[in-house]
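In: Sharing a model that was predicted from the sequence below.
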Amino acid sequence: MIRKSVNLFVLFMVLLFINGCVTTMGGNPVIDNTYKILATTQIAYDNAMTTVSVLYSKGKITTEQKDKVVSVARDFVASYKVVVKALEMYAEGTSGQITVDEAVNKFVEVQIMFVNLVREVISNG
């Protein structure tokens, strides 16, 4: 069960990067690709948090491990919201692609921290 959860989580993260790299036909590729990144990461985040919750409820991870994940998860959500705001501003024409790129880059940094921590906790759980 745990091994399967880790594999699914890693698969979702790989899909995130694949989806983020695909350009779309038609529409604005910055908006389209950024929304793909956000949609995919939301699925991965939900699965990771559910897995951590289940492991914690079964006593397979400590309160300290759960609290570390929750702390990084808060940073993840805050960074996610910054990307959404930057994307809204870009769509309205009040900011440029650089603002979106910077927000996404920061989000990816936080996401990597989150993924590494969750992977570590799940592997030990």
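Out: The structure has been received and is ready for your questions.
In: Going by C-alpha atoms from here, please, whenever you check contacts or count neighbours.
Out: OK.
In: Retrieve the pLDDT associated with the residue most central in space within the chain.
Out: Centroid-nearest residue in the chain: T41, 3.7 Å away (criterion: Cα atoms, centre = their mean). We note a pLDDT of 89 for T41 in this prediction.
In: Name the spans of the chain whose pLDDT lies under the cut-off.
Out: Applying pLDDT under 70 to the chain flags residues 1-26, 125.
In: Kindly recompute the last result at 80.
Out: Along the chain, the parts satisfying pLDDT under 80 run over 1-27, 124-125.
In: The closest residue to S95 other than its chain neighbours: which element?
Out: Nearest residue to S95 in three dimensions, chain neighbours excluded: M89, at 5.5 Å (Cα to Cα, 6 or more residues apart in numbering). For M89, the element it lies in under DSSP states H and E is helix 63-92.
In: Please identify the buried residues of that helix?
Out: Buried positions in helix 63-92, judged by neighbour count with 16 or more other Cα atoms under 10 Å: 65-66, 69-70, 72-73, 75-77, 79-80, 82-84, 86-87, 89-90.
In: Tell me how far V52 lies from M113.
Out: 15 Å (Cα to Cα, to the nearest Å).
In: Who are the packing partners of the helix holding M89?
Out: If you count contacts as 3 or more Cα pairs under 8 Å, 6 or more residues apart in numbering; DSSP states H and E, helix 63-92 packs onto helix 29-57, helix 97-124.
In: what's the angle between the first one and helix 97-124?
Out: Going back to what we said before, that points to helix 29-57. Interaxial angle, helix 29-57 versus helix 97-124 (axes from the mean of the first three to the mean of the last three Cα atoms, to 10 degrees): 20 degrees.
In: Which residues are in contact with the nearest residue to A86 once chain neighbours are set aside?
Out: Closest residue to A86 apart from its sequence neighbours, by Cα to Cα, 6+ apart: V100 at 5.3 Å. By Cα atoms under 8 Å, 6 or more residues apart in numbering, the residues touching V100 are 83, 86-87, 90.
In: Which member of those is positioned nearest V118?
Out: For the contacts of V100, the closest approach to V118 (Cα to Cα) belongs to V83, at 21.7 Å.
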